[in-house]
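*Asks:* Sequence isn't available, so here's the structure alone:
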């Protein structure tokens, strides 16, 4: 279970017990002529990275080694410190950060707590950008157009990938609508989860992604998002 991955010191590792694992081969070759494993081919199908389709088998193995270990250990989002589960392809300048600090309203992320504190004094948002399309008690749902709120949509995808192993990350969020579910109080509307869908789908199945953040799981929010 990759959710249990964590950073450890070298003296905690038993290197003598490590054995090489050989994946089952499939009859598909990359540009170099090397055969790709079934696992590598699945990674091509599941992960969208610009230029990824140009990778040969050797390059793909290098890419897998880089992405199979989570790069961000924890995030701070609102009043929660959350341990992440998976790798997320943040911009390179964030790869050396074990913790990131998110503004819970605009989802901008920073390397240091002081940066977040300065940002929060200037950020005018108290809820996701977009239109509130549902309210019941303390729950609200906001519809966010990726074309109108590109940075928010991209940041939401970066955040979601930390908790979804097989999420396909698209940087062109113009094609998607994001539906963000929030718990609301006198401090603002705090995201608990979301789902996204394509604006136009040739297959008439346009659900792209669905996530409930770890602090809010086992509260029925996942079922609510599915039924919405």
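*Replies:* Everything's here; your move. Note that the structure is predicted; figures quoted are calculated from it, not measured. Numbering: from 1, shown residues only.
*Asks:* quick one, strands of the protein?
*Replies:* Shown for the chain, the strands assigned by DSSP state E span residues 25-29, 35-37, 74-77, 80-83, 99-102, 109-110, 131-136, 139-145, 176-185, 188-198, 207-212.
*Asks:* Now tabulate these in a markdown table and tack on mean neighbour count.
*Replies:* C-beta coordinates here come from the backbone N, C-alpha and C atoms, glycine included. As requested, the strands of the chain are arranged in a markdown table below (neighbours: other CB atoms under 10 Å):
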| stretch | mean neighbour count |
| --- | --- |
| strand 25-29 | 11 |
| strand 35-37 | 19 |
| strand 74-77 | 18 |
| strand 80-83 | 14 |
| strand 99-102 | 20 |
| strand 109-110 | 20 |
| strand 131-136 | 12 |
| strand 139-145 | 19 |
| strand 176-185 | 20 |
| strand 188-198 | 21 |
| strand 207-212 | 18 |
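*Asks:* For residue 202, see how far away the residue nearest in space to the middle of the chain is.
*Replies:* Note on the chain: the residue nearest the mean C-alpha position is residue 161, at 1.6 Å, using CA atoms, centre = their mean. Separation of residue 161 from residue 202 (CB to CB, to the nearest Å): 25 Å.
*Asks:* Same question for residue 116.
*Replies:* 41 Å.
*Asks:* And for residue 110?
*Replies:* For residue 110 relative to residue 202 (CB to CB), the value is 39 Å.
*Asks:* care to break the chain down by domain?
*Replies:* Annotated domains of the chain cover 2-67, 74-227 [automatic domain parsing].
*Asks:* so which of those is the most packed in?
*Replies:* domain 74-227 (a mean of 16; mean count of other CB atoms under 10 Å).
*Asks:* ends of that domain, how far apart?
*Replies:* Domain 74-227 has an end-to-end distance of 30 Å (criterion: CA to CA, to the nearest Å).
*Asks:* next one: that domain to chain centre, how far?
*Replies:* Centroid separation for domain 74-227 versus its chain: 9 Å, with CA atoms, centre = their mean, to the nearest Å.
*Asks:* can you give me the mean pLDDT across that domain?
*Replies:* Mean per-residue pLDDT for domain 74-227: 94.
*Asks:* the helices in the protein, which residues?
*Replies:* 38-46, 57-67, 113-122, 150-161, 221-227 (DSSP state H).
*Asks:* Which residue of the chain lies farthest from its centroid?
*Replies:* residue 16 (34.4 Å).
*Asks:* ok, that one to residue 72 distance?
*Replies:* Taken as CB to CB, the span from residue 16 to residue 72 is 30 Å.
*Asks:* what's the answer for residue 147, then?
*Replies:* Residue 147 is 27 Å from residue 72, by CB to CB.
*Asks:* ok, back up a step: which pLDDT value goes with the residue farthest from the centre of the chain?
*Replies:* pLDDT at residue 16 comes out at 72.
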